[in-house]
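S.K.: I need the structure of the sequence given here:
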Amino acid sequence: MNKQKKQLLLLIFILILAIAAFLLVSQIPSGEEAEETQSYSVTSLDTEKVCKLSFTNDNGTFTLKKQEDSWVYEGDKTLDMDEDAVDNLVSKVAALTSENRIEQVEDSSIYGLDEPIVTILVSDGKNSYTLLVGDYNNMTCTYYLCLEDDMKTVYTTTSYNISSFMDGIENLIVEEEETESETQVSSTEIR
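M.R.: Predicted structure coming up:
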């Protein structure tokens with residue numbers, strides 16, 4: 001009987017250890033939870049309140065201002081702007097975050113920020129941010145960027161956020177549909 005009591009106590013002890021081990025392991029975060037990506041805020045404007053968007057690239061400087069509820073191109077106020085396309089641009093930079101941040105940068109030219117390929121200004125009338133976009137990193141498929149007033153902190157962002165700013169405003173203008181009479185004239189001229 002003494003032997004059976006020892007075996008029973010040993011089994012109870014092993015059971016208690018197994019339960020304790022289970023509880024301990026269940027408290028450890030899984031790989032997905034442990035590897036949550038950190039996000040750094042670059043700009044923080046409410047997209048609905050943005051009233052100015054300006055960008056400079058190889059094609060020139062393009063400034064858009066919101067008047068009442070419509071976007072107007074300062075270079076030619078007669079152009080009919082595609083509101084959704086402009087709002088899409090605003091959404092890419094008004095509340096921009098980055099998964100990577102490099103701090104205490106001594107030489108921003110390493111990242112191409114001394115001669116930015118694109119400069120973007122976004123403003124809500126009270127606060128404004130000027131973003132300088134530098135080199136493209138082929139390894140990470142991201143662009144380097146910084147705020148003009150803090151060139152010692154460099155961030156990365158995807159080409160999705162930047163590529164639309166490489167063009168002029170032609171993609172932001174509502175395409176005029178040909179009227180039926182213009183179409184008939186064109187088809188008559190072709191014959």
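S.K.: Name the SS class of residue 48, please.
M.R.: Following DSSP: H, G, I helix; E, B strand; the rest coil, the label given to residue 48 is helix.
S.K.: burial of it, as a residue count?
M.R.: 9 (other CB atoms under 10 Å). In this view, the C-beta of every residue, glycine as well, is placed from N, C-alpha and C.
S.K.: what's the burial count for residue 174?
M.R.: If we define neighbours as other CB under 10 Å, then residue 174 has 12 of them.
S.K.: I'd assumed residue 84 was in contact with it.
M.R.: No: if you go by CB atoms under 8 Å, residue 174 and residue 84 don't touch, sitting 9.8 Å apart.
S.K.: residue contacts, residue 71?
M.R.: Taking CB atoms under 8 Å, 6 or more residues apart in numbering, we find residue 71 in contact with 64, 65, 81, 83, 86, 87, 172.
S.K.: which one among those gets closest to residue 124?
M.R.: residue 65 (12.0 Å; CB to CB).
S.K.: For my notes, confirm that closest one occurs in a strand.
M.R.: Yes: counting by three-state DSSP, residue 65 is found in a strand.
S.K.: Let me know the distance separating it from residue 127.
M.R.: 16 Å (CB to CB, to the nearest Å).
S.K.: Next: residue 141.
M.R.: Where residue 127 is concerned, residue 141 sits at a distance of 30 Å (CB to CB).
S.K.: need the helices for this protein, in chain order.
M.R.: 2-27, 31-34, 83-93, 159-162, 180-190 (DSSP state H).
S.K.: Could you check those and tell me which one is nearest residue 46?
M.R.: Per CB to CB, nearest to residue 46 of the helices of the chain: helix 83-93, 10.2 Å.
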